[in-house]
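>>> requesting a structural model of the entry that follows:
(one chain, ligands or ions: 1)
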Amino acid sequence: MSEARTSMLLRARRLDVGVAQVRAVSGLDLDLKAGDRLAILGRNGVGKSTLLAALAGLHPSQGELECGGAPLARWSARTLAQLRGWLPQHPDDPFASSVEEAVLVGRHPWLERFEWESEDDLRIAADALAAMGLAGFARRNVQTLSGGERQRVSIAALLAQTPRLYLLDEPLTHLDLAGQIAVLDHFRGVADAGAAIVMVLHDINLALRWASHLLILFGDGAWQAGPVDEVASASVFGRALGHPVRALDDAGRPHFVPA
Ligand SMILES: Nc1ncnc2c1ncn2[C@@H]1O[C@H](COP(=O)(O)OP(=O)(O)OP(=O)(O)O)[C@@H](O)[C@H]1O
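This next block holds a predicted model:
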């Protein structure tokens, strides 16, 4: 099956996802099309990472789940990797490798078996590194990087993969404020260029600054989703995050702080 060029990049109906005794979502309905930016919020352990892995097809789920206009199982592993990319929470560096090699891993779904990376692949990797503020890091050993630098290498590898659906698990981890805003701004541009982006985030106000849609997980499978303005409220955030929250006025926009 050739890659779909549909603008509907993710469609879930009556989706049930859980792990061990934890029910992440029950009966989730979700549509994500090109340009959408979805932030997932919820307490520690509520099942956000599990849900993200399920949306990537890397964790079991029940119900309907389509990516790029067809059920995930319909795609070959290679086509699925061209279609959707996943940034896990913890990068794993058991061996020394250069930053450039780590980013080029993102090009593997686009290479034929035993094919070497082309000049185009090298350029895409260099562009991804530059976009993450890491021009000049290509020869560094990933095991010697700071936490924030390593996180930006992981994001660069995902960018080099050039999927149409990006699933990012806490991409702002280890990043300073400038780095957080740069990543959010970059992915706003990626969405504007025709991708759909899902991010698990913990900062309500950064989520509101960036997202077009929110998915809130309350625990025990309960959820609420919709455009930011329809979902964001002190009562919803307070209920979901386990601490009362109140809204301050920030030049006409709500800014949420712990009560
Ligand atoms: N393989 C497993 N075996 C047993 N329990 C698991 C397993 N994987 C995850 N869990 C548990 O399932 C729950 C959901 O985990 P998950 O990582 O999805 O939560 P999360 O919402 O992403 O949390 P956080 O905000 O802390 O990253 C947690 O309580 C976790 O301990």
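>>> hmm, stretch 18-25 in reach of the ligand?
Yes: among the residues of stretch 18-25, 19-20, 22 lie within reach of the ligand under Cβ under 6 Å from any ligand atom. For every residue, glycine as well, the C-beta is placed using N, CA and C.
>>> which ones among those lie within helices?
Residues of the residues of stretch 18-25 next to the ligand located in helices (DSSP state H): none.
>>> burial of the spatially closest residue to residue 182 that is not a sequence neighbour, as a residue count?
Leaving aside its chain neighbours, residue 182 sits nearest to residue 133 (6.6 Å; criterion: Cβ to Cβ, 6 or more residues apart in numbering). Per other Cβ atoms under 10 Å, the neighbour tally for residue 133 reads 17.
>>> pLDDT wise, what is residue 133 at?
Listed pLDDT for residue 133 reads 96.
>>> please apply the same query to residue 129.
For residue 129, pLDDT reads 97.
>>> from the ligand, how far out is the closest residue to it other than its chain neighbours?
Once flanking residues are discounted, residue 129 sits nearest to residue 156: 5.0 Å by Cβ to Cβ, 6+ apart. Note on residue 156: its distance to the ligand, by Cβ to the nearest ligand atom, to the nearest Å, is 22 Å.
>>> who in the stretch 1-150 of the chain is up against the ligand?
19-20, 22, 42, 44-50.
>>> now with 5 Å, please.
The stretch 1-150 of the chain has residues 19-20, 22, 44-50 near the ligand, with proximity defined as Cβ under 5 Å from any ligand atom.
>>> okay, now the nearest residue to residue 8 once chain neighbours are set aside: neighbour count?
Among residues not flanking residue 8 along the chain, residue 33 sits closest, at 5.2 Å (Cβ to Cβ, 6+ apart). Around residue 33 there are 13 other residues, counting by other Cβ under 10 Å.
>>> can you check residue 11 too?
Around residue 11 there are 20 residues (other Cβ under 10 Å).
>>> could you do the one 10 residues further on as well?
Other residues lying near residue 21 total 5 when counted by other Cβ under 10 Å.
>>> equivalent analysis for residue 51, please.
Residue 51, neighbours per other Cβ under 10 Å, totals 30.
>>> what are the ranges of the helices in this protein?
48-55, 77-83, 99-104, 119-131, 147-161, 177-192, 204-210, 228-231, 234-241.
>>> now these in JSON lines, with distance to residue 138?
Compiled in JSON lines, those are given as follows (distance: least, Cβ to Cβ, whole Å):
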{"stretch": "helix 48-55", "distance to residue 138": "29"}
{"stretch": "helix 77-83", "distance to residue 138": "23"}
{"stretch": "helix 99-104", "distance to residue 138": "4"}
{"stretch": "helix 119-131", "distance to residue 138": "6"}
{"stretch": "helix 147-161", "distance to residue 138": "10"}
{"stretch": "helix 177-192", "distance to residue 138": "19"}
{"stretch": "helix 204-210", "distance to residue 138": "28"}
{"stretch": "helix 228-231", "distance to residue 138": "37"}
{"stretch": "helix 234-241", "distance to residue 138": "40"}
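>>> noted, bye for now.
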